[in-house]
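In: using only what follows, build the 3D model:
(chains A, B and C, ligands or ions: 2)
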Amino acid sequence: MTDPQVALMMLGLFIVFVFLGFPIAFTLMAMGIGFGYFAYYDPSRMWRSFERLDDAATTWDSWSTWFEGFLNNRIFDLFVNQTFTVMSNEVLTAVPLFLFMGYIVERSNIVDRLFTTLNIASKNLPGSMGVAALITCALFATATGIVGAVVTLMGLLALPAMLKARYDPSFAAGIICAGGTLGILIPPSIMLIVYAAATNVSIVRLYAAALLPGLTLVGLYLIYIVGRSILQPSSAPKPTDDEVPDMPRLQLLWLIITSFVPLAFLIFAVLGSILFGLATPTEAASIGALGGILLAFLYRAMTWQRLRESVYLTVRTTAMVCWLFVGSYTFSAVFSYLGGEQVIGEFVSSLDLTPIQFLIIAQLIIFLLGWPLEWSEIIIIFVPIFLPLLEVFGIDPLFFGILVALNLQTSFLTPPMAMSAYYLKGIAPPELRLTQIFKGVMPFLLCVIISMVLMYIFPQVVFYLPDLFYGR
Amino acid sequence: QSPLVVKMQTSWNDANIWQDFARDYATRVEEMSGGRMKIDVLPAGAVVGAFQVLDAVNDGLIDAAHSVPVYWYGKNKAASLFGTGPVFGGSATTMLSWFYAGGGLELYDELTQEIMGLDIVGRLGFPMFAQPFGWFKNEVNTVADMQGLKYRTVGLAADLMAKMGMSVAQLPGGEIVPAMERGVIDAFEFNNPSSDKDFGAQDVAKNYYLSSYHQASESFEFLFSRTFLEDLDPDFQAILKYGVEAASTANTAKAMDRYSADLQWLQNDAGVTIHRTSKEILDAQLQAWDELIPELEADPFMKKTLDSQRAWVERVSYYELMNSPDYGLAYDHYFPGKVKL
Amino acid sequence: MIAFIRFADSLSAWFGKAFAWLIIVMAVGTGYEVFVRYVLNDPTAWALDVSFIMYGALFMMGGAYTLSRGGHVRGDFLYRLLQPRTQATIDFVLYIVFFFPGVTALIFAGWKYAARSWSYGEVSAASPAGVPIYQFKTIIVAAGLLLFVQGIAQLMRCIIAMRTNVWIEAPEDVFETEDLLMREANKAEKDHLS
Ligand code: NA
Ligand code: NA
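Out: Ligands and ions are numbered 1, 2, ... in the order given. Next up, the predicted model:
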C-alpha cells in the first residue's frame, strides 16, 4: 500500500469509527496517532539502542530498551506540537469570550421582554406573532450564538403563545426551530470563527461577508411567514386583545427602549467595532461579555449563581470545541504528511468537473454530513479536506464559507441529528409530534436552499461588504 | 529504485513567492542527485505551523525546513543576529559571506547545537535585499513625523522602532491590511515589493519608503534534522548542503526580476509614491541601534557574535566600499534623472 | 471504585472550574487593552500574548472536567440507542485503544517539549513584551495528567456499567439552559402522569 492510499484508509476508518459513538476529539486523536505511528515508523531510529545492546544485557534491559524504542516514535512529538498550535491560535481566543457573552445574555431575562414587546409592536401585521417570534429568535440567536438555548427558551415562551392564538402547530414549531438556528450564520457567529481557524480565511472578512446573506435568509423567512399568513389566514390568526394587549404609543416606546434597544445596541457595538475596524473579534467579544454582564445587572438578573454557571459552561463548551481542534490538527497533519490531500486533489481533478458541479457536489456532501454530524465536526474535520480543492476550481474560500454556513442551518433541522427539533420537542407540550415539527421546518429548509442559489447567482451579496470595508 | 523523499516544510503559504524559492532548491537537488533524491515541498501548516518548524525539524517531524531565524527568536534572542541584527555597514551579501567565511556558521552551530542543544543542521542562503522602511499613509521625512505612529514590524526591529518613538505592534502578515483599514496601525513594513504587493499593501497606503537599517541583512534559513542528514550517504549530504548555495543564486536572480517589476507596477499602475528614507531617519535608526547594542551585549554569546560581525564588516566592507565604483553615477549617466539618491 | 470515580470527578471539576475563571480575567484584560488604546492612545504590548495564554490554559485544563461531565461531543446517533452495558463495553475498549495512548503522549512528549522550552526560557515572539511561555507549555503536561486520572475513572465507570447496566453520572453542577428546561419539562410531565 502506498502512503496516499494509507491516508485514504485513515479517512475511511475515521468515518466508520465515528459511528462507534466515542468522543470525536479522542477518536481523531487516536487515528492521527495510530496512522502517524505508521507514517513515522523508522526502525533504524527507534531500535538503534536496542540493536546496540551487547550480550551482557539482562532480559529486563533488553525489554525496557525495546519498549523505549517502541515509544521513540516522532508522532508523539507531532501530537504535542499540534496541541500547542491550537493553544496559541489567536483566532480561537474569541471563542470562549463569545460563548461567555452568550451564556450571560441567555440568563439575563431578556428574551421574554423582547418577545412581548415585538409582539405588541407587530400586532397589525399578518402573522404578527410569527414575525415577532422570528425576529426575537434572530436577535437573540445573534447575541448568544447558542442554538439550544434560543430554541428552548423560545419554545417555552413563544410556542405556547402561538398555540393559544390558534396558530398551526407545525408552522409555529418551524418558525422557532429555523429562527433559533440563525445564530450560527449571523455574525458574531462562533461557527464563523471556527471556520476561520480551520481555513485561515480572515475572520473579519467572513463576518462582513456573512451579514447580507444572513439578512437575506431572515428576509426569506419573513416573506414566507407573512405570505403564508396572508394566503392561509387560518394558520396564523390575528391575536385577540386578550392575548396581545393594545398599548398606548408612549408605553410601547418605553418597552422598546428598555428591551429591544439595549440588546440591539450590544450586538451593534460588538459587530460594528469589528466591521469598522475598531477592535479585533477577540476584543469585541470581551466588550460584548462585559456589556452582557452590565445588561444583566440592569435587568436585575445578575446573580452570583448565574455568573458561576456561565463561567463553568464557558469552560466546558470551549474545551469541547478546542479539543476537537487538537484532535483534528493532529489528524490532518498526518493525513497531509502521508500525501492524502494530494491524492484527493488529483482524484477530483481527474473527474473533470466544472466549478459549479464541484460546488454542488461539495455542498451536497456537507448537507449529507449534516445529518449524522454537528456543525463543529463538519467544519473542523471535513472543510479542511475541501480547502485545497477550492483553489483548483478557483472558488474563493470566503464564498465557500458563507455557503457552508447557510448549508449548516440545515444540519440542525434535518433528522436524524436535528438538534433544533429535538430541543423543541423536549420542552413542547406532548401533543406536538416530532413529525409535525419536521413538517413545519420543511418550508424553511426550502428558504435555505433558495438563499444558497441566490448567493451563487449573485455572489456580490457575499463580496459587497468585505470588498467595501477592506478592499479586494 | 524509488527516490529518497525529503519532507521539507516552509513557513510560507503556497501562493507566496518564497514558496517558489523553496521549489528552486528542490528542483536543483533533484537534478543534482540524478533523481535519486526528491524534495517534497510542503506549505506552512501542512504538518506544523509556520512558527513551529524549528521544533519540528529538531523532533524529526519534518526532515527539513525553509524559514528565517527571526521566527524562533522567542527561544533565543541571539537568533536575530543571524540576519536581522545591527547593521555595521555590510549588506546581506556581506553578512552571508560572514556566515560562510567569517566564522558565522561556527557561531550558529554553537548556538543551535551546543547552547540550545538542538538536533539540527542549519544553513543560510539567498541574501535578501535590504527590507524597506515600509508603508505610510502620509509622508514621513523627519524623526518628528514618526513620533507616536502605530507601526507594525517583528523581532529586534520592534525594539528598534520603539526606541525611535513609534508605538510598535507585532502582527502576522495576513492581518496587516485589515489592521491598517481599521486604524489599529498607521504604518508597517513587511519585506519586499512583491510580497508587499501580494497582500495588498498598495490598497491601504500610498507612500512606500525604501532603504532602512532595521532588517538590512537577512537571509533564508534552511534547517535539516541532524539525525536525518548524518544518516545519509556523503554525496546526498553534500547535495543537500551545497544545494543551498546553488539556490541562493537562483533565488537572487528571480528576486531581482520579480521585485523590480513589482516595484515598477506599484509606481506606475497602483499610484504608489516611492521615496528614499531621509538621512535624518536613517541616522536616528543608527542611534537607536547604538542604544540597543549594549543591551544585546549583556549576553556573552551575543557579545561574541557581534564582535565577530563587527570585525568582519570593518575589514570586508572597507574593501567593498573603497572598491565599488559609484553605480549611481553610471546609472544616472545612462538613465538621466530617473533616481535621486 | 466508586470512591475513585468521585475523587477523579471532583479533581477534574476543581481544576476545570478554577481555570474557568480565567474567562473573567480575559474579558477584563482585553477590555483594558481596548480602553488604553482608544482613550489613552497607548496600547499594551502584552495583550495579545496574555489573551492566548488565558484561552489555551482555560480549554486545556477544562478538558478533563468536560470529559467527566460527558461534554465532549460524540457521533452518538447509533450509540445512544444502545443499552448502557453495550455502550460501556465499546467505551471500555476505546478508552484503552483510542484515549490512553494520546493522553500518555501528552504527559511524556509534552514533558520533553516543555522542558526544552524551560531550558531556553522561551518567550512569546508575538510581541516585543517578552511574555514567557514555558509555563504555558507545561500546561500540556498538567492537562494530560488530569485527563489520565479522569480516564481511569471513566474505565471504572465502564466496568460498573458493564456489570449493572447503569451509568454512574458525575454530580451535575451546572446545566445548559436547554438541558435544564428539558429536565423541568420531563419532570412536570411525569408529575402530571403520576
Ligand atoms: Na442534522
Ligand atoms: Na521585515
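
In: who are the contact partners of the closest residue to ligand 2 within chain C?
Out: Proximity of chain C to ligand 2 (Cβ to the ion) peaks at C:Ala125, 13.7 Å away. For the C-beta atoms, the positions are set from N, CA and C on the backbone; glycine is no exception. The neighbours of C:Ala125, taking Cβ atoms under 8 Å, 6 or more residues apart in numbering or on different chains as the test, are B:Phe51, B:Tyr71, B:Trp72, B:Tyr73, B:Gly74, B:Val154, B:Gly155, B:Gln170.

In: which SS state does it fall under?
Out: Of the three states, C:Ala125 takes coil under DSSP: H, G, I helix; E, B strand; the rest coil.

In: distance check, the residue nearest to A:Ile146 when sequence neighbours are not counted against A:Phe367.
Out: The shortest distance from A:Ile146 to any non-neighbouring residue, by Cβ to Cβ, 6 or more residues apart in numbering or on different chains, is to A:Gly102 (4.8 Å). Here the criterion is Cβ to Cβ, to the nearest Å. By it, A:Gly102 lies 26 Å from A:Phe367.

In: cool, A:Leu295 as well?
Out: 37 Å.

In: return the residues of chain A in contact with chain B.
Out: A:40, A:44-45, A:74, A:77-78, A:81-82, A:84-85, A:90, A:200, A:202, A:204-205, A:276-278, A:280, A:333, A:336-337, A:341, A:391, A:469-472 (Cβ under 8 Å from any Cβ of the partner chain).

In: on that earlier part again, ok, so of the contacts of C:Ala125, who is nearest C:Glu172?
Out: B:Phe51 (40.6 Å; Cβ to Cβ).

In: and the gap between the residue lying closest to the closest one once chain neighbours are set aside and B:Val154?
Out: Nearest residue to B:Phe51 in three dimensions, chain neighbours excluded: B:Tyr71, at 5.4 Å (Cβ to Cβ, 6+ apart). Computed as Cβ to Cβ, the B:Tyr71 to B:Val154 distance reads 9 Å.

In: output the below-cut-off pLDDT ranges for the chain.
Out: Picked chain A for this. Counting by pLDDT under 70, the ranges of chain A that qualify are A:145, A:244, A:372, A:416-417, A:470-472.

In: wrong one, I was asking about chain C
Out: Checking chain C against pLDDT under 70 turns up C:41-43, C:128, C:188-194.

In: and the residue most central in space within it, which helix or strand is it part of?
Out: The C-alpha lying nearest the average C-alpha coordinate of chain C belongs to C:Gly63 (Cα atoms, centre = their mean; 1.7 Å). Assigned by DSSP states H and E, C:Gly63 falls within helix C:47-68.

In: with A:Tyr422 instead?
Out: helix A:419-427.

In: let me know how buried C:Glu176 is, in neighbour terms.
Out: Look at C:Glu176: counted by other Cβ atoms under 10 Å in any protein chain shown, it has 20 neighbours.

In: now do A:Leu359
Out: Neighbour count for A:Leu359, taken as other Cβ under 10 Å: 19.

In: what's near enough to touch residue 126?
Out: Going with chain A. A:Val226, A:Ser229, A:Ile230, A:Pro233, A:Ala236, A:Lys238.

In: switch to chain C, that's the one I care about
Out: C:Ala126 sits in contact with A:Glu90, B:Gln170, C:Leu48, C:Asp49, C:Phe52, where contact means Cβ under 8 Å, 6+ apart.

In: for C:Thr138, same thing?
Out: Here C:Thr138 is in contact with C:Ala114, C:Trp118 (Cβ under 8 Å, 6+ apart).

In: sec struct for it, please.
Out: helix.

In: give me the buried positions along stretch C:30-49.
Out: Residues C:Thr30, C:Gly31, C:Glu33, C:Val34, C:Arg37, C:Pro43, C:Thr44, C:Ala45, C:Trp46, C:Ala47, C:Leu48, C:Asp49 are the ones in stretch C:30-49 that count as buried (16 or more other Cβ atoms under 10 Å in any protein chain shown).

In: ok, those vs ligand 1, which is closest?
Out: Within those, proximity to ligand 1 (Cβ to the ion) peaks at C:Thr30, which comes in at 34.4 Å.

In: any idea how far the residue of the stretch 1-150 of chain B found nearest chain C is from C:Tyr120?
Out: Here the stretch 1-150 of chain B gets closest to chain C at one residue, B:Gly74, 3.5 Å apart by Cβ to the nearest Cβ. Distance, B:Gly74 to C:Tyr120, using Cβ to Cβ: 8 Å.

In: wondering if the helix ranked longest in chain B reaches chain A at all.
Out: Using DSSP state H, we find that the single longest helix of chain B is helix B:234-268. No. On the criterion Cβ under 8 Å from any Cβ, helix B:234-268 is out of touch with chain A, staying 15.0 Å away.

In: could you give the mean pLDDT of that helix?
Out: Here helix B:234-268 scores 96 as its mean pLDDT.

In: can you check which helix is longest in chain A?
Out: Ranked by residue count and defined by DSSP H, the top helix of chain A is helix A:304-337.
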